[in-house]
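>>> any chance you could fold what I've pasted below:
(one chain, ligands or ions: 1)
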Amino acid sequence: MDSNCGKYDFSVLCRHCDNECSDAVPCQLTGTLPEWLKGQLIYNGPGLTKVGKNEFCHAFDASALLQKFEISNGMVKYSSRFVRSKTYEQNQAAGTITRAEFGTPAPASKGMFSRLLDAMDPEKMFSDNALVSVIGIGEHHFAMCETPFMLQINPDNLDTKERINVNKRYGLMTQSPHPIVASDGVYTVGQGVGVTGPKYNILRFPLDGNLKEGKIVASVPARWRLSPAYMHSMAMTENYAVLIEQPLAVSLSELLSDIVSNAPFIAGLKWHNEPVLIHIVDRKTWKQVKTRYVADPFFFMHIANAYEDGEHIVLDVPTYKDSSILHNMFINTLREQRGKNTQDYVDSFKSTLHRFVIPLNTKGKDKLITLPGTSCTASWSGNEILLQREKLTQIPLENPCINPKKRALKHQYLWAMGPDPNGGDSGFVMKLDIASGEKFMFMEDNIYCAAPEFVAKPEATNEDDGVILLQCINSQDENKAYLLVLNASDMTEICRASVTTASAVPMPLHGHYIPVTGQ
Ligand SMILES: [Fe+2]
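The predicted structure is shown next:
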C-alpha cells in the first residue's frame, strides 16, 4: 500500500472558529435515524486559534470548543460553545493571549520574576483551557485536558459550570484526560511529587461523580528522578492497573530553564532513548507487581483496551516510533505543510496498532506466554521481561474505541480513524476484526473523520451490534459539519446529518455520547 498521505490537510485541527453556534440549528438528514437512537454526542477540541491580533502557536493551545449533535424525535441539531475556562474569560477580557499554553510562551509583558513566581502555584502556572475530552462521571460531565483542572459542563446548553482543581485537592500536577469508568469507581492517573521524586498517582473518584471524595489509591515512582513520563492514558483490567512509562518525559530541570527563557511547555518534554517500562499494579493491594516489563521504545497516547486472558494481560495500543507528531502540530507547521506534505511529516502522524501480551505469575516459568493465536513474545533479559509486540493491522489509525461493555474484557472488534492511507484528500473510519483481520472501512472524498463512538443497540447480543457515531468535516468547505451514523458491523452509512455553520468548523479531538436517560 502506498504510504503517502500527500493531500491530507492536517491543518483542519487549527481552523479558527470565531463564532460559536449557541442556538442549536437543525441539520439536514439523509437516510433514516434508528428510532432507538436518542442522545447527545459532544466533542471537544481546539476552536479559537486567535485572540485579538494574537495567534496561539500550537493546535493544542487554541481555546476549547464543544461541538454537539443532539439526536431526538427523528431530528439532529448542531450547536457549539467555547468552554468558559478562567483563561478563556481572561483572554477575552484583555483582548489578547494572557498566559502560556502548551506551545505558546507567556506574553512578553510577563517578566521572568513573575513567571518564576507563577511556577510555584499550578493554579497560576497552567492554563485551564480544557480542550481534549468530555467525560461523564455519574450525572456530571466535564471538559478535560492534561492540566489539573476539570471544568464541569451542562450537556444541555454547553454552559461551563464549576471548575475543579485536582492539584489543590489531590496534589496532581497533570492528569490523563481519559479516565476509566470501572465497577468500583472512576480512575485517572497523574503526575504527583513525593519526597523521593515524581510519582504516577492513580486517583479514584466515586461513581456518583462527587469529585470531593476522590482518593489516591496507588503511587508508582517515576524511573527518572527529575523526569516523569508523559502519560495520556492508562489501562485497567479486572485485577490490575497498567501504566506505560514511555520515553517521552517532562524534564523538570529543562522546565525550570524554559521558565527563565520563556520557552513554551513543549520545550520541556525530553525523549529518553530508553525502553518503555510497563508497570503493573495489583488492584487488591494497590502495590506494584515485582516483575519489571520492558519493550522497545515507542510513543503512545491512547490504549484501546486491556484485559486478562489466562495468566496474561493483553494490551492493544496504537504506537508511534517517536513523539515528533507533537512538534508537528505547531500551527505554522500545519499550515506550511498543507498541500505539500513531506514524507517525514506524514510519517510522524502514523501510528501502528500493536498488541502486547504481558505474562503474569512468571516465577519459575520457562515459557512465559502460553496464549494461543498470538505472535507476541516475552523473554527474560537479565531481571526484566522483554516484550515483543504484534502488529494488528497495516493501516495507521488512531482514537481507537471498542464496545464499552467489553472494557477490561476480551474484545474482538475495534473501531478507529485516520487519514486516507492511500494519500487522498479524505479521512477514514474503520472496523477491525482482530480475530480474523477483516476490515470494513468508511471513506468519502473530502470527508475527514473525527474519533468514532460505538453505541450498542438496545438488547444487542453481538459485540458489533450497534452504530458508530462520528463527527465529520469537509476539507473543501470549512463551514460544513456532519454527524454520520454508520452500521457498526459493516460500516455502511445509515444516516447523515449535515449543517452549514456561520464559522469554520475545526476538527475535534475526542467525543462523548450521552444517551437520553433510561436508554
Ligand atoms: Fe486523547
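
>>> tell me the spacing between Asp156 and Val242.
36 Å (Cβ to Cβ, to the nearest Å). The C-beta positions use only the backbone N, C-alpha and C, and glycine is treated the same way.

>>> looking at these two, which has the bigger crowd around it?
Val242 (21 against 12; other Cβ atoms under 10 Å).

>>> what about the helix or strand hosting the more buried one, distance to the chain center?
Element membership for Val242 (DSSP states H and E) is strand 240-245. Strand 240-245 sits 16 Å away from the centroid of its parent chain (Cα atoms, centre = their mean, to the nearest Å).

>>> give the pairing partners of that strand; include direction for each.
Strand 240-245 has the following strand partners under DSSP bridges: strand 235-236 (antiparallel), strand 276-282 (antiparallel).

>>> low-confidence ranges, the stretch 351-500 of the chain, go.
By pLDDT under 70, the stretch 351-500 of the chain has no low-scoring segment.

>>> hey, what's the closest residue to Ser219 other than its chain neighbours bridged with?
Leaving aside its sequence neighbours, Ser219 sits nearest to Lys199 (Cβ to Cβ, 6 or more residues apart in numbering; 4.5 Å). Judged by DSSP bridges, the bridge partners of Lys199 are Gly192, Pro221.

>>> cool, the one 4 residues further on as well?
In this structure, Leu203 has the following beta-bridge partners (DSSP bridges): Thr188, Ile216.

>>> OK, contacts around it?
When contacts are counted by Cβ atoms under 8 Å, 6 or more residues apart in numbering, Leu203 is found next to 166, 170, 172, 175, 187-190, 214-217.

>>> of all the strands paired with strand 240-245, which one is nearest Glu254?
Distance to Glu254, taken as Cβ to Cβ, is lowest for strand 276-282 among these, at 20.4 Å.

>>> give the residue farthest from the middle of the protein.
Residue farthest from the centre of the chain, counting by Cα atoms, centre = their mean, is Gly364 at 38.6 Å.

>>> mind checking how far that one is from Trp380?
With distances taken as Cβ to Cβ, Gly364 is found 12 Å from Trp380.

>>> same question, Leu353
27 Å.

>>> compare the contacts of Leu203 and tell me which is most surrounded.
Among the contacts of Leu203, Val189 has the most neighbours (other Cβ under 10 Å), with 27 neighbours.

>>> wait, that residue sits on Leu243?
Yes. Contact criterion Cβ atoms under 8 Å: Val189 and Leu243 qualify, at 6.4 Å.

>>> who touches both of these two?
200, 202, 231, 234.

>>> which of the residues you listed are buried?
Neighbour-count burial (16 or more other Cβ atoms under 10 Å) applied to the shared contacts of Val189 and Leu243 gives 200, 202, 231, 234.

>>> reformat those residues as a markdown table; add pLDDT.
Below are these laid out as a markdown table (pLDDT from 0 to 100):
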| residue | pLDDT |
| --- | --- |
| Tyr200 | 97 |
| Ile202 | 98 |
| Met231 | 97 |
| Met234 | 98 |
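
>>> quick check: next helix or strand after the helix or strand of the chain with the lowest mean pLDDT?
In the chain, no helix or strand scores lower on mean pLDDT, DSSP states H and E than helix 112-118, which sits at a mean of 68. Downstream of helix 112-118, the next assigned helix or strand under DSSP H and E is helix 122-125.

>>> which of the residues in that following helix are classified as buried?
So helix 122-125, judged by 16+ other Cβ under 10 Å, has buried residues 122, 125.

>>> ok, now stretch 321-337?
Neighbour counts over stretch 321-337 (16+ other Cβ under 10 Å) mark 323-326, 328-331, 333-334, 337 as buried.
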